[in-house]
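*Asks:* Sequence below, structure please.
(one chain, ligands or ions: 1)
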Amino acid sequence: MSDPVNQKHTDIVVIGAGPAGLATAIAARTAGFKVLLADHAIPPIDKACGEGIMPDGLAALAALGVTVPAEKAYPFRGIRFVEGTTSVDAVFPKGVGYGVRRTVLHDLLTQKATEVGVEMRWGAHVSEIASNQVTIDGLPVSCQWIVGADGQASIVRQKIGIGRSHSEQRRFGFRQHYAVRPWTDCVEVYWSDQGQVYVTPVAQNEVCVALITADPHFRLNEIPSAFPELASRLAGALESTRPQGAITMTRRLDSVFEGNVALVGEASGSVDAITGEGMSLGFQQALSLVNAMRSGSLQPYDEAHREIGKNPRRMAKLMLMLGERPWLRHRALRALSSQPDLFAQMLSVHVGESRVRDFGIERALSFGWSMLTA
Ligand SMILES: Cc1cc2nc3c(=O)[nH]c(=O)nc-3n(C[C@H](O)[C@H](O)[C@H](O)COP(=O)(O)OP(=O)(O)OC[C@H]3O[C@@H](n4cnc5c(N)ncnc54)[C@H](O)[C@@H]3O)c2cc1C
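*Replies:* As a prediction, this is how the structure comes out:
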C-alpha cells in the first residue's frame, strides 16, 4: 500500500508526450493546472510522418502559444495532386502550412512545456491506471484528471476500456528524407494503383517523402516503378535519413472519455495519414479537452471531438475511395484538373475554412458532368 503522506499529487497526468500529449500538457498548464507528463521514450522522439502541418494546425499551435520559427520549417502554400501527366493544385484559402521535421517539432513543444512549467518524465514506466491515480516508475501519483495521449495502441484506452471502435482500416506508412532543394511550394501527392506518396518540403535543401499503401510488401525503394514522375524529381538526391515505418489507421471511437479519463490524439481515434491532418486534429483536441476540464466536465469534449474530426473523416473516406478505384480516380483527377477552382473549394473544406454544403448543387452537377466527359 502506498503511503498517503508521501504520495505525489498533481491536477492532471498526461500519458504520452507526442504532439497531442505535449499540446494538452501546454494548454492545461497555461490554464493553471499542475501537469505531469510521462512518456516511455527518451527525446529526441521521432516518428514516421509526412511532417506537414496544415494551416488549421498552425492556428491551433499559435493558440497554444507555440510558434514555429521560419528557419526551422519550410512553408507550403497548397496541395498538388499528380498522377502520370495529370495534375491539379490549389492554394489554401488562408495562411500557409509548414513542413517541420518531427524531431524539431518535438523539441519546440518540449521547450514550450518547460517554459510554462509542465513536469516531464522521460523513459517513464506507467504501470497502473486507476480512477484518480497513476503509477509511474513504481510510485503512485494521485490526480483529478488522466489523459491518454499514448498513440494508436493506447494502453490507457485498453486499461480503462474507453470507446467502442466503429470503423477500422489499416494501411502501411513509410517515410524517408532526401537532400534536395524543394521544387515546389505545395505538398505534392502522387497517386498510383500501389498507393500514394506525398512530398513535403521541410528545409531549404530537404524534402520528406511519405509512402502510404495497403500493400504490406510495397516499400519506398519501389517508388521508381510505381511513381516514375516522382522518381525523376528524386534522381541523384541523397537519402538524408533512414526509412521509418508506421501503421496508419482510420478509427472512430463512440466515446473519448470515461469518468475522469480522456483520450486525445491518435489514442482517441485517427484518420488515414493521406489527409495530412493527424497532428492538426491532436492540437485542436488538446485545446477543447482543456476547455472541458476547466468547465469541470468531459462531456463537452466528447462533442467537440466529434465535430473536429468530421471533415477530415469525410476527406479521408473520399481519398481512400479514389485510391481504391483507379477508374474513378483517373476521371476525378482529370475533371478536377479542368476545374481547379473546384479543387480549391475541396481544399478549403479540408482545412475547415468552408463546409461541404457550400459546394452547391450547380457545382456538384458540373463536376459530375466533367467526370462523365473526362
Ligand atoms: C506515414 C505517416 C505520415 C503521416 N503524415 C502526417 C502529416 O503529414 N501531417 C500530420 O499532421 N500527420 C501525419 N501523420 C499522422 C501523425 O503522425 C499522427 O497524427 C501523430 O503522430 C499523432 O500524435 P499523437 O501525439 O497522438 O501520437 P504519437 O505521435 O504516436 O505519440 C504518442 C506518444 O506516446 C508515447 N507512449 C506510447 N505508449 C506509452 C506508454 N505506455 N507509456 C508512456 N508513453 C507512451 C510514445 O512514446 C509517443 O511519444 C502521419 C502518419 C503516418 C503513419
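
*Asks:* alpha carbons only for contacts and neighbour counts from here, please
*Replies:* Noted.

*Asks:* I'd like to know how many residues surround residue 63.
*Replies:* The criterion is other Cα atoms under 10 Å. On that basis, residue 63 has 14 neighbouring residues.

*Asks:* With residue 358 instead?
*Replies:* 10.

*Asks:* Can you name the residues that contact it?
*Replies:* With contacts taken as Cα atoms under 8 Å, 6 or more residues apart in numbering, residue 358 has no neighbouring residues.

*Asks:* how much space is there between it and residue 367?
*Replies:* Residue 358 is 14 Å from residue 367, where distance means Cα to Cα, to the nearest Å.

*Asks:* repeat for residue 333
*Replies:* With distances taken as Cα to Cα, residue 333 is found 11 Å from residue 367.

*Asks:* Near the ligand, which residues of the stretch 151-300 of the chain? Just list them.
*Replies:* Contacts of the stretch 151-300 of the chain with the ligand, taken as Cα under 6 Å from any ligand atom, map to 151, 155, 173-175, 210, 246-248, 265-267, 273, 276-280.

*Asks:* Kindly write the ChimeraX command that selects the buried subset of the residues you listed.
*Replies:* Restricted to the buried members of these, where burial is judged by 16 or more other Cα atoms under 10 Å, the ChimeraX selection command reads as follows:
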select :151,155,173,174,175,210,247,248,265,266,267,273,276,277,278,279,280
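
*Asks:* Now, the residues of the stretch 151-300 of the chain next to the ligand that are in helices?
*Replies:* In helices, defined here by DSSP state H, the members of those are 155, 278-280.

*Asks:* Which residue ranges of the stretch 51-200 of the chain form helices?
*Replies:* Here the stretch 51-200 of the chain has its helices, by DSSP state H, counting those that start in this stretch, at 55-63, 102-116, 155-160.

*Asks:* Turn these into TSV, columns for mean pLDDT.
*Replies:* Supplementary listing: the helices of the stretch 51-200 of the chain in TSV, determined by pLDDT from 0 to 100:
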stretch	mean pLDDT
helix 55-63	97
helix 102-116	98
helix 155-160	95
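
*Asks:* Ranking those by mean neighbour count, which comes first?
*Replies:* Per-stretch averages of neighbours, counted by mean count of other Cα atoms under 10 Å, single out helix 55-63 among the helices of the stretch 51-200 of the chain, with a mean of 20.

*Asks:* who's in contact with that helix?
*Replies:* Counting by Cα under 8 Å, 6+ apart, helix 55-63 makes contact with 23, 67, 92, 94-98, 277, 279-281, 283-284, 287, 351-352, all of which sit outside it.

*Asks:* Enumerate the residues of the stretch 1-150 of the chain near the ligand.
*Replies:* That would be 15-21, 38-41, 48-53, 126, 149-150, which are the residues of the stretch 1-150 of the chain within reach of the ligand (Cα under 6 Å from any ligand atom).
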